[in-house]
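>>> Provide a 3D model corresponding to the input given below.
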Amino acid sequence: MKVSARPLLFKDIRIFDGERMHPRSSVLIHNGQIAALATQLTPPLDVEVITGDGRTLMPGLIDSHTHASVPGALEQAIVLGVTTELDMFTLPEVYAQQRAQAAARNDMADLRSAGIGATAPGGHPTQFIEQGWFRPFPTVSSPAQAEPWVGERIAEGSDYIKIFATSLPTEPSLPHLDEDTVRALIAAAHAHGKLAVVHATSRAAALTALDADVDCLAHLFTDAPGDTDVVAAIAERDAVVSPTLTMLEGMSGLRATDLEQDERITPYLTEWSTANLAHPLGEGTTPRGKPTYARDLIRPLADAGVTLLAGTDAGTPGTAHGASLHHELKLLVDAGLRPLEALHAATGAPARCFCLTDRGRIAPGLSADLLLVDGDPTTDITTTRAILGVWRRGLAVPR
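Sure thing, here's the model as predicted:
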């Protein structure tokens, strides 16, 4: 791992620190870390200076729901400002290789992963084995298997435990875990000191997971309108939610045309990503459920004090690593979040929820994973796409 030997000073600049805005302040970077944040700083000798000039400095973005086994995913993510991805299903050997690469290189996003997710035999995402996405992997048939299954995942290096309580609405005939097994898996994750993240795209499955003390809902549901009971259940149990509006939109066959036409984004997309954006998950299928049900829950959840995380399901059809997080931020704001709340959902909030104590904020002692944009994203959230520079551990990322 390399860190910059030359200090870097962002001087008299607008700063979003992961929690709040500083209209005009300065940040000193040294040895890969944030050395100081203050309105007045005395820079050391031989410092590189970047001035404000209408720009905004913020922490590198965190995508709270990805599938990073796509070739070049982490390299594309970082040039588009995403310095950390939270992977929600990958094979352990793939994760081990990517994690080692990310530890040694600054030109790719860092990674945490659930490794293999818990699903029923024949359940989602086992259908992708035949398509060559994965090799065969262990499934869970009963509550009695939950404890040993979770122990095996932790031994393989899983950072948290992913549980599939439903299939996808586009494939309703696939089997899924029963309620007792979901409860047993959540309990086993907690017994091992790990967060339990549940994929639940139905209202009933979400409520079951909440009753079992789930830590994070990996999606909002689309099969029924949200109501005060659901909002209260999430808030009372202090669960966090990654709505993945991007994926839910794609599940209805809708394309992220704003990304496909945005010249701030398109030059940095691989050929694979460009093609993937053009073919959303629900393309050619009969829409099941309504993404509006999820969107209508965003503001009520925020008003109830629920922590929302910006996640995209990047790697699935209709998405692109890095790029889709900017689309997710726009969808969250369109659904009722204030831009400052959306930015928090992609920086300080996921860092806190997933115990990433060295990132997600601009504060002394934390890693200098940074994003510099032209303009003010608290007045126009799409300003996050006007990227002037990305730094990981204090080193500028070639773009």
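>>> low pLDDT regions in the stretch 151-300 of the chain?
287-288 (pLDDT under 70).
>>> what ranges do the strands span in it?
Here the stretch 151-300 of the chain has its strands, by DSSP state E, counting those that start in this stretch, at 161-164, 196-199, 216-217, 240-241.
>>> buried ones in stretch 169-183?
Buried residues in stretch 169-183, counted by 16 or more other CB atoms under 10 Å: P169, T170, L174, H176, L177, D178, T181, V182, R183. C-betas here are computed from N, CA, C, even on glycine.
>>> that stretch: how far from the chain's middle?
23 Å (CA atoms, centre = their mean, to the nearest Å).
>>> start at 744, not 1
Yep, numbering from 744; the last one is stretch 912-926 now.
>>> how about the buried residues of stretch 912-926, which pair is most distant?
Farthest pair in those (CB to CB) is T913 and R926. Separation: 26.2 Å.
>>> neighbours around the nearest residue to V984 once chain neighbours are set aside, how many?
Excluding the flanking residues, the one nearest V984 by CB to CB, 6 or more residues apart in numbering is L960, at 4.8 Å. For L960, the neighbour count with other CB atoms under 10 Å is 26.
>>> dump the residue contacts of G1132.
Counting by CB atoms under 8 Å, 6 or more residues apart in numbering, G1132 makes contact with I793, L1113, L1114, L1115, A1139, V1140, R1142.
>>> now the strands of the stretch 894-1043 of the chain in TSV, with distance to L780?
Output for these, formatted as TSV (distance: least, CB to CB, whole Å):
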stretch	distance to L780
strand 904-907	35
strand 939-942	32
strand 959-960	29
strand 983-984	26
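>>> tell me how far S910 lies from A967.
Separation of S910 from A967 (CB to CB, to the nearest Å) stands at 16 Å.
>>> moving C-terminal from the helix or strand encompassing H1069, which element do we reach first?
Element membership for H1069 (DSSP states H and E) is helix 1066-1077. Under the assignment DSSP H and E, the closest C-terminal helix or strand after helix 1066-1077 is helix 1082-1088.
>>> what about dumping the CA coordinates of that next one to PDB?
What follows is helix 1082-1088, C-alpha atoms only, in PDB (Å, rounded to 0.1, in the frame of the first residue of the first chain):
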ATOM      1  CA  PRO A1082     -29.800  16.300  -0.500                       C
ATOM      2  CA  LEU A1083     -27.800  16.500   2.700                       C
ATOM      3  CA  GLU A1084     -29.700  13.400   4.000                       C
ATOM      4  CA  ALA A1085     -28.900  11.600   0.700                       C
ATOM      5  CA  LEU A1086     -25.200  12.400   1.000                       C
ATOM      6  CA  HIS A1087     -25.200  11.200   4.600                       C
ATOM      7  CA  ALA A1088     -26.800   7.900   3.300                       C
END
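>>> ok, residues contacting that helix?
759, 761-764, 801, 1045, 1050-1053, 1072, 1075-1076, 1080, 1120-1124, 1127.
>>> and stretch 915-927, by the same measure?
Under CB under 8 Å, 6+ apart, the answer for stretch 915-927 is 861-867, 870, 883-890, 906-911, 928, 941, 948, 951-952, 955, 1031.
>>> returning to that earlier point: which one of the buried residues of stretch 912-926 sits closest to D902?
V925 (19.9 Å).
>>> measure the closest one to I906 for me?
6 Å.
>>> same question for P802.
Taking CB to CB as the measure, P802 falls 29 Å from I906.
>>> thought the residue nearest to V984 was touching T944?
No: look at L960 against T944 with CB atoms under 8 Å: they stay out of range, at 9.8 Å.
>>> domain parsing for the chain?
744-802+1104-1142, 804-1101 (automatic domain parsing).
>>> buried set for stretch 1116-1132?
By neighbour count on 16+ other CB under 10 Å, the buried set for stretch 1116-1132 is V1116, G1118, D1119, P1120, T1121, I1124, T1125, T1126, T1127, R1128, I1130, G1132.
>>> actually stretch 1070-1082, sorry about that
For stretch 1070-1082, using 16+ other CB under 10 Å, the buried residues are H1070, E1071, L1072, K1073, L1074, L1075, V1076, A1078, G1079, L1080, P1082.
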